[in-house]
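# Fold the following.
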Amino acid sequence: MITPISIDVMSLNLPSIVPMSIAIFGALMILCIDLFRKHNDKHFYVVLTALFLLIDLVSIVSYSGDVRGFFDVMLVDGISLLAQIIIVVSSGLFIFLSLTKQRFHEYRYPEYYALFLFMTAGFQFMASSDNLILIFVGLETASLSLYTMIAMHNRDKSTEASIKYFTMGALAAAFYAFGSMILYYVTGSVELGQISNHFAITNFDNYPLILLGVVFMIGAIGFKLSLVPFHTWAPDVYEGSSASLAGYIAIVPKIAILVVAIRFFSIFIQADDVWVKSILYMMAVVTMTIPNLIALVQTDVKRMLAFSSISHAGFVLVAIMLGTSQGIESLFLYWIMFVFVILGAFAMLWVHRTKEDPSFYGFTTDYQFDKFTGLVKTAPVAAFMLGILMLALAGVPPFSLFWGKMYLLGATINSGEIVLAVIMALNSAIAAFYYLKLIIYMFLKTRDSGAVVLEYQAVNNLILKVIITISVVFAITAVFWLDSIVSIVRMAVEVSGY
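Model (predicted):
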C-alpha cells in the first residue's frame, strides 16, 4: 500500500518565490496580451515591464519570511535580498532605455520584454538559492533569454555576438554540470550548506577529486564573470549588443553569479584551502591587469568599456578571495557604485546612437574614439556628463567608484594582503589613462578642417534624461550617501552570517 505524501503548505514558505513569480507572470501576461491585441506601442510594453519590476521590488523589500523556503531549495538571506534589489532596480532602469527615439528592430516585439522579465527572474533564482540544480536552472533561463535578446538587435555583429555567447555559454554550462556532478558524487548532496558540512566532517577526503570539481566550477563561474582566461567572449558580445544591453550585461548577470561565487568559494576559503585561495589570487591579479593593458590600445569606446568591466570583475574577485565580512561588504558597496556609473556611461552611448552606417561619417565602428572628437563644441552637456562618468570609473575622488575602491583596498590591507593592495592601486592608475583618453578626445582635440562633423541630437525623452541625470548626480554626490549604503550592506552581510 502506497502511503500518501502530505505536504504542509505553510512549511513551503511560498513568499520566498513570490518575487520571481511576479516577473514570470508579467512575462506570460505580455505574451498573452500580444495574442489578443497586436501592434501595441513599445511604450505600453515598457511601462508594463517596469510595473511588474516595481511590484517585484516591493515584494523583495517587504519580505519577512524564513530564510529557507520551497522544499529548502530557496535561501533568502540578507545578501540574497540585497542582490535581488540590485538586479531588479538595475533592470528597471535599463528597460527605460528602450524608449530611445530611434526605431530599433528589437523594441517592436513584445517577446523582447517577455524575455527581459524571464531573464530577470532567472537571475533572481540564482541569487536566492544554494541548491546547485536550481542555480543551474536560473542560470540557463537567464542565459537563453539573453542570447535571444542580443540576436534580436538584427545586425551582423549582433548575430555573431549571440552565437559566440551561446557557444561559450554552452561550454560553461557543461563545466557547471560536470563540477556539480563531481561534488554530488563526493558528498551525496547538491546543497552547498550540506556540502560544506560534509567537507568539515570528512576533512576533505578524496581531495584530488574535489579539486577537479572545483576547477570545473571555477571555469563556469569564471565565464559568467568574464574572468581571465574565460573572458574572450566579452569584448565581441559587448560590441555586437546594443549599448543598453551591453551595459546590462556588465552589471546584472555578474551580481547574480557573484552571489553564487560567494556561497561556493566561502566553503573552501573558510576552511583555509591553500589551492583554491591561490587559484583565486592568481585569477584576480591577471583579470585586473591583462584587460587593463588591452583597454589602453582600444579604438572603440564600447570595447574599451568591455575590457574595463572585465578588470572591475577582477577587483571584486579579490573581495571573495579575502573571505572576510569586510571583504563581502566591500564587494556589494563596490558593485552598487559601479551600477550607476556604468548605467550612465552606456546610456550616454545609447541615446546618441544612430541607425546610419558609421562609415557615412568616416568611422569604422559606432563608438570609435574619433567620433567623440570635439564633442564639447557640438554637445557640451553630453561631453560634461560623459566626462564625469569617465572620472568616476577611473576612481578619481570624490566620485562614487573612488569610495568603493577605497573600501575594497581597506579590506585587502586589513587582511594582510599588502602586495595585492599595491597591485590593485597600480591597476587603478593604469585604468585612469584610458578613461582620460576619452575626455581628451572630447575636450582637447579638434576635428580636421573638411572632416565630416557628426551632430549629436538632443535626448528628447524626459525619462532618459532623468536616468542619465540620476547616474551623474549619484556619481558626484555618492559621498553623502556612503554611510547609509554601508550600513545597509553591513546589515545584510551580518544577517547572512558572513
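# residue nearest the centroid of this structure?
What sits nearest the mean C-alpha location of the chain, by Cα atoms, centre = their mean, is residue 251, with 2.3 Å.
# Could you point out which residue ranges in the stretch 251-400 of the chain have low pLDDT?
352-365 (pLDDT under 70).
# Please enumerate the helices of it.
Using DSSP state H, counting those that start in this stretch, the helices of the stretch 251-400 of the chain run over residues 274-295, 301-322, 325-351, 375-378, 380-393, 400-414.
# I'd like to know which of these is closest to residue 53.
Residue 53 lies closest, by Cβ to Cβ, to one member of these: helix 325-351, at 14.7 Å. For the C-beta atoms, the positions are set from N, CA and C on the backbone; glycine is no exception.
# So which elements touch that closest one?
Judged by 3 or more Cβ pairs under 8 Å, 6 or more residues apart in numbering; DSSP states H and E, helix 325-351 is in contact with helix 78-95, helix 243-270, helix 301-322, helix 380-393, helix 400-414, helix 462-496.
# Just the buried residues of the fourth one, please?
Burial within helix 380-393, assessed by neighbour count using 16 or more other Cβ atoms under 10 Å, is assigned to 382-383, 385-393.
# cool, the fifth one as well?
Neighbour-count burial for helix 400-414, with 16+ other Cβ under 10 Å as criterion, is recorded at 400-409, 411-412.
# show me where the stretch 1-150 of the chain has helices.
So, for the stretch 1-150 of the chain - with DSSP H, counting those that start in this stretch - the helices run 18-36, 42-61, 78-95, 110-127, 132-151.
# Pick the most deeply packed of the ones you listed.
Mean neighbours per residue, mean count of other Cβ atoms under 10 Å, is largest over these for helix 110-127, with a mean of 26.
# tell me the angle of it relative to helix 132-151?
150 degrees (axes from the mean of the first three to the mean of the last three Cα atoms, to 10 degrees).
# where's helix 110-127 relative to the chain centroid, distance-wise?
Distance of helix 110-127 from its chain centroid, counting by Cα atoms, centre = their mean, to the nearest Å, is 14 Å.
# Then stretch 117-132?
The answer for stretch 117-132 is 13 Å, by Cα atoms, centre = their mean.
# picking that back up, would you mind giving the helices of the stretch 251-400 of the chain as TSV with distance to residue 145 added?
Supplementary listing: these in TSV, determined by distance: least, Cβ to Cβ, whole Å:
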stretch	distance to residue 145
helix 274-295	26
helix 301-322	20
helix 325-351	19
helix 375-378	35
helix 380-393	28
helix 400-414	29
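# Mind checking these for the one nearest to residue 150?
Going by Cβ to Cβ, the one of those nearest residue 150 is helix 301-322, 13.5 Å.
# what about the closest residue to residue 196 other than its chain neighbours, neighbour count?
The shortest distance from residue 196 to any non-neighbouring residue, by Cβ to Cβ, 6 or more residues apart in numbering, is to residue 267 (4.5 Å). Residue 267 has 20 neighbours, counted by other Cβ atoms under 10 Å.
# give the contact list for residue 267.
Counting by Cβ atoms under 8 Å, 6 or more residues apart in numbering, residue 267 touches 192, 195-196, 199.
# Please identify which of those is nearest to residue 431.
The closest of the contacts of residue 267, once distances to residue 431 are taken by Cβ to Cβ, is residue 192, at 33.6 Å.
# ok, that closest one - contacts?
Residue 192 neighbours (Cβ under 8 Å, 6+ apart): 130-132, 263-264, 267.
# okay but the residue nearest to the centre of the chain is in contact with residue 340, surely?
No - if you go by Cβ atoms under 8 Å, residue 251 and residue 340 don't touch, sitting 9.6 Å apart.
# thinking again about what came up before, and the residue nearest to the centre of the chain, how far is that from residue 366?
21 Å (Cβ to Cβ, to the nearest Å).
# And residue 183, how far from residue 211?
Relative to residue 211, and taking Cβ to Cβ, residue 183 is found at 11 Å.
# my bad, residue 370
For residue 370, the distance to residue 211 (Cβ to Cβ) stands at 49 Å.
# okay if I get the buried residues of helix 400-414 as TSV plus distance to residue 320?
Converted to TSV, the buried residues of helix 400-414 look like this (distance: Cβ to Cβ, whole Å):
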residue	distance to residue 320
400	22
401	19
402	21
403	20
404	15
405	16
406	18
407	15
408	11
409	15
411	11
412	12
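# Convert stretch 489-498 to CSV, retaining C-alpha atoms only.
C-alpha atoms of stretch 489-498 as CSV (Å, rounded to 0.1, in the frame of the first residue of the first chain):
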residue,chain,number,x,y,z
VAL,A,489,25.2,46.4,3.2
ARG,A,490,26.7,45.6,6.5
MET,A,491,23.4,44.6,8.0
ALA,A,492,22.7,42.3,5.0
VAL,A,493,26.0,40.6,5.3
GLU,A,494,25.8,40.2,9.0
VAL,A,495,22.3,38.6,8.7
SER,A,496,23.7,36.2,6.2
GLY,A,497,26.4,35.1,8.6
TYR,A,498,29.5,36.1,6.6
